[in-house]
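Q: my questions concern the predicted model and sequence given below.
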Amino acid sequence: MDFVFYTTILVIFATAIVGPFVRSRLRDRCLRSLDESPVVLDRVDQDPVWGRLRVYPTGIELLYDAPSPGTSGIDKYSYILYKRSFESILALWRYPDKMTEEERRRRAKRIRRTAHPPFYVRSWRWCRNVMGTLRDAFLQTANALLGRVAAGASSTVLKSQEAQLKTMSSELIGYAGNVYEPILERYLSHRVVVEVTQGERKDEYVGLLRNYTADFIELADVQRPMSLLWSAAEPHEPLPGLSVTHAGDALSVENRSGNTVRVASLVGVEAAGDGAALVSDDGEAPAEPVETRTEVGVTVADGAGATVDLAGRDPSVTRLEMTYPKPADLVVPRAHAVVRHAGEAVKG
């Protein structure tokens with residue numbers, strides 16, 4: 001029997017199996033790190049979406065914890081975003097307090113491995129970088145070999161499959177390879193500052209650079225500042241374990257939340273005096289109450305307390321604006337984000 005004929009059948013059979021398998025596995029590595037995790041999807045100029053993430057080669061899906069009723073009376077069970085609409089993604093956040101105990105243990109292990117990558121992880125990364133750097137050379141060599149085999153084969157079947165074989169080799173090399181950037185490689189497993197831009201607003205986040213691809217950047221162990229607001233008109237705990245109480249002409253802040261809380265500013269409204277309306281400078285119309293803001297900048301560690309002077313303001317209209325760092329993992333699209341600074345000194 002013709003040896004080339006059997007080789008042809010074997011190659012076509014392998015192509016039919018390997019090709020779809022490779023395509024089914026081509027998921028962005030940064031997104032894949034959050035797969036099956038509860039995440040918050042921040043979208044450009046849209047409301048955030050909560051759900052458990054599923055990552056596909058053609059997009060992502062967020063599964064809701066409970067059905068979401070729509071305006072048309074139809075229950076919605078998930079939110080699907082296709083790859084062609086990824087430019088609407090501003091950030092994907094994963095918070096440990098929303099994860100199960102087993103998921104938190106796996107996350108802690110990944111963070112330790114990110115900060116101190118073992119030898120086999122560094123070796124595989126080096127191999128991927130070589131594949132990514134020499135991608136074009138590998139493709140040209142593979143295509144040249146396939147062309148020579150097809151040209152010398154007596155079977156017209158193999159010649160007709162030449163284009164498909166070249167496509168498969170390109171997918172295999174693209175799957176194994178990696179987008180290589182020397183600057184980002186230098187800071188892998190180190191803390192960096194990522195700048196995220198939305199319109200004229202720019203936010204900075206510090207975390208361990210865990211991975212990057214052509215489309216996304218992944219940070220681990222980010223301390224995201226979360227806003228808290230306490231109002232004397234509606235007293236409550238803005239955070240479990242964080243209490244604010246009146247103490248004469250001051251507010252007493254007691255922190256047992258397990259987090260370090262920063263009291264950013266004190267907001268009040270200038271009283272009109274004896275119930276009279278405030279009058280504008282030209283005397284023609286009543287002026288709106290004037291909101292005043294006093295920067296406080298007091299940091300209250302867990303297990304500690306602090307006192308904020310009200311400076312003669314009416315406590316009934318006083319508010320405290322506070323922030324606290326919430327641990328999270330972050331994946332941001334490179335269309336809106338860039339690694340702008342090193343977050344720590346790196347030798348070499």
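A: Good, I have the coordinates. Since the model is a prediction, treat every value here as computed from it, not as a measurement. Numbers count the residues shown, from 1 in each chain.
Q: quick one: the spatially closest residue to Pro38 that is not a sequence neighbour from Leu53, how far?
A: Closest residue in space to Pro38, ignoring its immediate chain neighbours: Lys98 at 4.4 Å, by Cβ to Cβ, 6 or more residues apart in numbering. Just so you know, the C-beta spots here come from the backbone N, C-alpha and C atoms, and that holds for glycine as well. For Lys98, the distance to Leu53 under the criterion Cβ to Cβ, to the nearest Å works out to 12 Å.
Q: just want to know which of those two has more residues nearby.
A: Using other Cβ atoms under 10 Å, the more surrounded residue of Lys98 and Leu53 is Leu53, with 21 against 17.
Q: that one pairs with what?
A: According to DSSP bridges, the partner residues bridging Leu53 are Leu62.
Q: returning to that earlier point: list phi and psi for the residue nearest to Pro38.
A: The main-chain torsion angles of Lys98 are listed as degrees, to the nearest 10 and equal phi -100, psi 0.
Q: so where's the stretch 101-250 of the chain uncertain?
A: Along the stretch 101-250 of the chain, segments meeting pLDDT under 70 span 120, 124-126, 128-179.
Q: tell me where it has strands.
A: Listed in chain order, the strands found in the stretch 101-250 of the chain under DSSP state E, counting those that start in this stretch are 191-198, 201-212, 216-231, 242-246, 250-255.
Q: now the angle between strand 250-255 and the shortest one, please.
A: Taking axes from the mean of the first three to the mean of the last three Cα atoms, to 10 degrees, strand 242-246 and strand 250-255 form an angle of 160 degrees between their directions.
Q: buried residues of strand 242-246, list them for me.
A: If you call a residue buried by 16 or more other Cβ atoms under 10 Å, then strand 242-246 has these buried ones: 242-244.
Q: secondary structure class for Trp93?
A: In three-state terms, and counting by DSSP: H, G, I helix; E, B strand; the rest coil, Trp93 is strand.
Q: what's the pLDDT at the residue lying closest to it once chain neighbours are set aside?
A: Using Cβ to Cβ, 6+ apart and skipping the chain neighbours, the partner closest in space to Trp93 is Val40 (4.5 Å). At Val40 the predicted local confidence, pLDDT, stands at 96.
Q: touching, Val40 and Pro48? I think so.
A: Yes - applying Cβ atoms under 8 Å as the test, Val40 and Pro48 come out as touching, 5.4 Å apart.
Q: more neighbours: which of these two?
A: A side-by-side neighbour count of Val40 and Pro48, using other Cβ under 10 Å, places Val40 first with 17 against 12.
Q: contact partners for that one?
A: Remark: with contacts taken as Cβ atoms under 8 Å, 6 or more residues apart in numbering, Val40 is in contact with 48-50, 92-95.
Q: what about Glu254, distance to Val338?
A: Here Glu254 is placed at a distance of 40 Å from Val338 (Cβ to Cβ).
Q: tell me, how many neighbours does Glu344 end up with?
A: Neighbour number of Glu344 under other Cβ under 10 Å is 11.
Q: check which helices and strands the helix or strand in which Asp65 is found sits against.
A: Secondary-structure assignment from DSSP states H and E places Asp65 in strand 59-69. The helices and strands touching strand 59-69, judged by 3 or more Cβ pairs under 8 Å, 6 or more residues apart in numbering; DSSP states H and E, are strand 49-56, strand 75-82.
Q: nearest to Arg210 among these would be which one?
A: Ranking the helices and strands packed on strand 59-69 by their distance to Arg210 (criterion: Cβ to Cβ) puts strand 49-56 first, at 15.6 Å.
Q: so for that closest one, what gets flagged as buried?
A: Residues 49, 51-55 are the ones in strand 49-56 that count as buried (16+ other Cβ under 10 Å).
Q: what number of residues lie near Gln46?
A: Residues lying near Gln46 (other Cβ under 10 Å) number 10.
Q: oh sorry, the question was meant for His336
A: The criterion is other Cβ under 10 Å. On that basis, His336 has 17 neighbouring residues.
Q: got a list of what Thr307 touches?
A: Residues in contact with Thr307 (Cβ under 8 Å, 6+ apart) are 247, 250-253.
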